[in-house]
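1. Got a sequence here, can you build the structure:
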Amino acid sequence: MHRGIANLPARIEKTLRERLQRSLHVARTPARVTARELPGEPLPFDEATGGEFVDFPVGTRWGRPWGTTWLRIEAVAPPVLEGHRRELVIDLGFDGGTPGFQSEGLAYDVEGRVIKGVEPRTTHLPFPDDVAPGATWTVFVEAASNPHLVSNPSPDQPDMGLLGDLATAPDRLLYEFRCADAALLDMEVFALMLDVQVLDELRIELPEHSPRRAQILQGLSDAIDELSPGPVAPNASAARARLRPLLDAPAEASAHRITGVGHAHIDSAWLWPVRETRRKCARTFSNVLELIDDYPEFVFACSSAQQYAWVKEDQPELYARIREAVTGGRFVPVGGMWVEPDTNMPGPEGLVRQFTLGTRFFEEEFGIAGSEVWLPDSFGYSAALPQIARLTEKRYLLSQKMSWSRTNRFPHTTFWWEGLDGSRVFTHFPPCNAYNTALTGAELAKSARQYAEHGRANSSIMPFGYGDGGGGPTREMVEIARRTADLEGSPKVSLDAPEAFFVAAEEEYPQAPVWVGEMYLELHRGTYTSQIAMKQGNRATEYLLTEAEHWAAQAAIEAGVTYPYDEFDALWQENSLLQFHDILPGTSIAWVHREAREQYAELARRARAITDGALAALAGDGAGPVWLNPAPVPQRGLLAFGSGVPAEHPPVTVTHDEDGTVLDNGIVVVRIDGRGLVVSAVDVATGREALAGPANLLQLHPDLPTRYDAWDIEDYYRNRVEDLTEHTAIGVRLDDPHAPSVVVSRRFGDSRAVQTMTLRAGERRLDCETWLDWQEPQHLLKVAFPTTVHTHSVLCETQFGHLERPVHRNTSWDAAKFEICAHRFVHVAEPGFGVSIVNRATYGHDVSRPESGDSRGPLPTTVRLTLARGPVHPDPFTDRGEHTFHYGLAVGTDVADAVEEGWRMVMPPREVEGPLPPPLVTAGDGVSITAVKLADDRSGDIIVRCHEALGRRTTAALRFSRSVASAEVVNLLERQDGESELLTELAIDGDVARAPLGPFQILTLRVRLASDV
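-> Numbering: from 1, shown residues only. Modelled structure (predicted):
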């Protein structure tokens, strides 16, 4: 047989685009449209629709950035015609792209009830059955003129970031209204379009010379032959009949099995403000409810309790419909978290509260706790997560972000992930490497091709639906799932809930491989630093809240003060929202971060007010000022959580010579040279020099990522560096002889820095404060501490423990970790001697040793903190302005010292009114208390949470202020689950509760104290 001369693939594509897609809607009749433009923040339905509307013809330019225009659409209902669906088709000026990144709308009936969203790819509204043909149906559309922003603008879009804030957005109209037409959707043409699309996408993925591919190509050609020139509808059934045998051919018995799950992944903020996310949720969820009504097999999974809470508050009628769908198992809450947070930077209690708040909301609202963690888009995964997940009754985890790593391919699709303490969760990464799929032939084939467990298992999951900016699944996607349920050459697609997939996958593959430790994303390393105020606000707020809970609990127990349960819930919820994976990482538009800075300031004010009130109640009438230690470790002679008079130490000796200034407190001797650099730090006890070169050295690098500006630091930044050694002033501050300081001022570029180095009496830590006026776009500022420590690894604190990372570059996995996230400390050590760099609110670090050159002997290890970056997108003015950083060099430390110095850095003592009663509870060495609060169930029970902090086995001895009447081990949800309590044997002896702990194990106790007699 001769080879075909015609270009059949081009013919198929042209038929789809120019004939079938354009023939879907017939009998189109323009509706009458009037409009009301409303500047400012969105208004409620009644207020927005109560004013004057003006004519809004097709072609009208509309929509200033971030504005709202209400449309009143009066459409004459088409006739009821068999095989057709009556619809109102609306085009607000869509650009052909996906939903969520341009204009979008929400339709209401005249009573203010939500109908559905109006967005690209889902532009229709169904006419109600009770609207008779010829009758007028009136709807209102709240049209949002959100600007089209992208994460990676092209060079010809240099000012795109200005659209990210009302203060800088240009005053211009963004969109042109195209249509609002009553029409009939021809269901047979719609079905033919999908038949052709599914088969053609399958054809493209099949081997070039496979018989099935040839059959499909010929069959599609035969079907197109049935379509005469002119209207498609008369011959649509005949064309479909030609394709029926191809669609009826069953899949191979060994075909890969894919569980499709409807999904939308609405970012709680990103290239839009939080207020717009609230509206996105209503648009997307109403679209989903239409699909649930139309397709009995369709299941939609939705995470983030915060988004449900918004809909409950903003759209109670829509929320009632969602609850009904949840009850029916069709709208499935997943994840059990308040939002989908970053997991690298939240502190231990911050990450815990994500789970406890989210799970409690789902249980109270829907009676569902959920068994899976759902984090498809977070930028790496903390090694603390598996234990936290298991302690909140989660067994499974879904993500896909590790597929974004640029250097190494993650080896598993389905596996057990083991955390710091040895806890494991059954984990799955969709092999399509996406969470916003459309179930295309390419995506289905990619899932089968990239599935890493072939031969031992054969099933994967595929979340489908437009996301990031919302939109969700479409009816076309569900129709594709129907056609690929059992189709020769394709994976088998079935629709189900995530938990059903996980249960079956674990049963299929119980001996899945194990990945141990953190899942470090080899990308987006700049998120540890961008938007400094997010990092500082997050760290400060977590400690302010845990401290407020602690004193409020003690005031409730010992002074009868009412515990502010509702206020704490609200504060933690707001803080949890700010940990969302595009807010805390600093990758949102300027509007988002401006609001977040304001929110952090208000959270701090409210938390401090609770603490002040509780301490005042505990102090009673008061007798004068005392010093309070808010940390769970002793400092300056004050017991953990204790108060009183700090210990007295001899003043620090300050001497000067031609080489600079020497500070000597009898524990550490520090020399600062004439440039204002720390050139020596000697541990007096051992005589060991800690520094291998000038320290507290500011270093400036170019910072020009190839793609994601706010997200990325590329390794080539290290190719150029400028040491900032010049100064404009230097002096010594001696106003406190127990804490003298050397202060040095510097200028570089358009920026200024003032560095203050303070050595306190009785401490082995040199405190460094750097005030920075940062004005260097596309640059990176680090501060370096070269140490004399010879080591191959560094210990970095994370939630509930620390992890060991390499400092060499032996493998590509090692080399990729050139920028790392750490919490309060990094610690480098040799046997018998160590150095710890601690910080108050900095996350980005790099730790290195000489990478080339000759050596005969120990090599230095340099620790650097990343202080500031200058990305220009999405926020074109990221971090311009003034910042203050606090960090310190602790000399002659071991891991226990590093842990304690980290606590002291973030929770220093302060003066309050006293006297105060003894601490409610304290713990022994190596055990850190992270939470003291009253139980969420409002029983009055005390909740104490602690963890083993040094990576060893120990016994936690928790001493209370009076005898323990009862105590039990509970999980993070503050209840027994048949698992957590079996891991720990609890013993009570008077005022002490003892429990054995494994390395980095978290222990939560529910306690009642004996009443005073």
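2. My read is that residue 743 contacts residue 734, right?
-> No: here residue 743 lies out of contact with residue 734, judged by C-beta atoms under 8 Å, at a distance of 11.0 Å. In this view, the C-beta of every residue, glycine as well, is placed from N, C-alpha and C.
3. Those two - which one has more neighbours?
-> Between residue 743 and residue 734, counted using other C-beta atoms under 10 Å, residue 743 has the larger neighbour count: 17 against 12.
4. Secondary structure element for the more buried one, which one?
-> For residue 743, the host element (DSSP states H and E) is strand 741-748.
5. which helices and strands does that strand pack with?
-> Here strand 741-748 touches strand 697-702, strand 729-733, strand 751-759, going by 3 or more C-beta pairs under 8 Å, 6 or more residues apart in numbering; DSSP states H and E.
6. buried sites along it?
-> 741-744, 746, 748 (16 or more other C-beta atoms under 10 Å).
7. same deal with stretch 775-789?
-> Across stretch 775-789, burial judged by 16+ other C-beta under 10 Å covers 776-777, 779-789.
8. Nearest to residue 322, out of the buried residues of strand 741-748: which one, please.
-> In terms of C-beta to C-beta, no member of those lies closer to residue 322 than residue 748, at 54.3 Å.
9. how close does the nearest residue to that closest one once chain neighbours are set aside sit to residue 867?
-> Counting by C-beta to C-beta, 6 or more residues apart in numbering, the nearest residue to residue 748 once its immediate chain neighbours are dropped is residue 724, at 5.1 Å. To residue 867, residue 724 is 11 Å away according to C-beta to C-beta, to the nearest Å.
10. Now do the shared contacts for the two.
-> residue 698 (C-beta atoms under 8 Å, 6 or more residues apart in numbering).
11. Those two: who's more crowded?
-> residue 867 (24 against 21).
12. Going by residue numbers, what spans are helices in the stretch 401-550 of the chain?
-> 441-450, 475-483, 498-508, 532-559 (DSSP state H, counting those that start in this stretch).
13. Indicate which one of the helices and strands packed on strand 741-748 is closest to residue 933.
-> Between residue 933 and the helices and strands packed on strand 741-748, the shortest gap by C-beta to C-beta is with strand 751-759, which sits at 33.7 Å.
14. distance of residue 585 from residue 227?
-> Separation of residue 585 from residue 227 (C-beta to C-beta) stands at 51 Å.
15. which of the two has more neighbours?
-> residue 585 (27 against 20).
16. dump the residue contacts of that one.
-> Residues counted as contacts of residue 585 (C-beta under 8 Å, 6+ apart) are 342, 345, 379, 524, 527-528, 530-531, 534, 711.
17. about what we covered before: mind checking how far the residue nearest to residue 748 is from residue 839?
-> From residue 724 over to residue 839 (counting by C-beta to C-beta), the distance is 19 Å.
18. Residue 833 now?
-> Residue 833 is 21 Å from residue 839, by C-beta to C-beta.
19. More neighbours: which of those two?
-> Using other C-beta under 10 Å as the criterion, residue 833 and residue 839 rank with residue 839 on top: 26 against 19.
20. Nearest spatial neighbour of that one, chain-adjacent residues omitted?
-> Once flanking residues are discounted, residue 839 sits nearest to residue 887: 4.1 Å by C-beta to C-beta, 6+ apart.
21. Show me what counts as buried in the helix or strand containing residue 350.
-> Under the criterion of DSSP H and E, residue 350 resides in helix 348-366. Neighbour-count burial for helix 348-366, with 16+ other C-beta under 10 Å as criterion, is recorded at 348-362, 365-366.
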